[in-house]
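S.K.: Need a 3D model of the sequence below.
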Amino acid sequence: MSETPAAPGPAETHGAERAVLRTALRYSGLLVAALAVAGSIVGFLVAGLPGLWGALLGAALAAFFSGVTVWSVARTVGKDPTTTGAVVMGSWIGKMVVLVVVLVLLRGQDFYDRVVLFVVLLIGAVGSALLDYRAVRGGRLPYVGS
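M.R.: Now for the predicted structure:
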């Protein structure tokens, strides 16, 4: 008679989840660094100094957004799905408030290029979501079916 393997314990599961989150954070950090460099170069070539500032602002916002996402999920490792959902939704609302405040503060300023900021932020947001998906899909999370 074969024995059924024991289900992974909480420590093993939480360690695997944290490893996936570290991978997602590393990928997002690399993406933002590449966006800051490439966006700054392209932004400067396209729009001069305002393009450079637009790229740097876009990369900074992308770093903030992706960092808060990973942080909110990391804070809820081992919690029930309702808590995780509430924290992730709350952090999303917080990110939108920060975005609105930043855009209001930047309104009327001419030191940055709005198009470059938008493009870099869009690439950062979509790229970060895809990299988070890649980290989760490639992660080794134990699964016990019933």
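S.K.: what mean pLDDT does the longest helix along the chain have?
M.R.: In the chain, with assignment by DSSP state H, the single longest helix is helix 10-47. In this model, helix 10-47 carries a mean pLDDT of 87.
S.K.: dump the residue contacts of the nearest residue to Trp53 once chain neighbours are set aside.
M.R.: Closest residue to Trp53 in three dimensions, ignoring its sequence neighbours and counting by CB to CB, 6 or more residues apart in numbering: Tyr112, at 3.9 Å. From N, CA and C alone the C-beta is placed, and that goes for glycine too. Counting by CB atoms under 8 Å, 6 or more residues apart in numbering, Tyr112 makes contact with Pro50, Trp53, Gly54, Leu57, Leu106.
S.K.: Of those, grab the buried ones for ChimeraX.
M.R.: Here is the ChimeraX command that selects the buried residues among those (16 or more other CB atoms under 10 Å):
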select :50,53,54,57
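S.K.: Looking at the contacts of Tyr112, which one is closest to Ala16?
M.R.: Leu57 (35.7 Å; CB to CB).
S.K.: Report the central residue of this protein.
M.R.: By CA atoms, centre = their mean, the mean C-alpha position of the chain lies nearest to Ser66, the distance being 1.9 Å.
S.K.: any idea how far it lies from Gly94?
M.R.: 14 Å (CB to CB, to the nearest Å).
S.K.: And Leu56, by the same measure?
M.R.: 22 Å.
S.K.: Ala19 now?
M.R.: 26 Å.
S.K.: after the longest helix of the chain comes which helix or strand?
M.R.: helix 49-75 (DSSP states H and E).
S.K.: C-terminal to that next one, what's the next element?
M.R.: With DSSP H and E, the next secondary element past helix 49-75 is helix 81-106.
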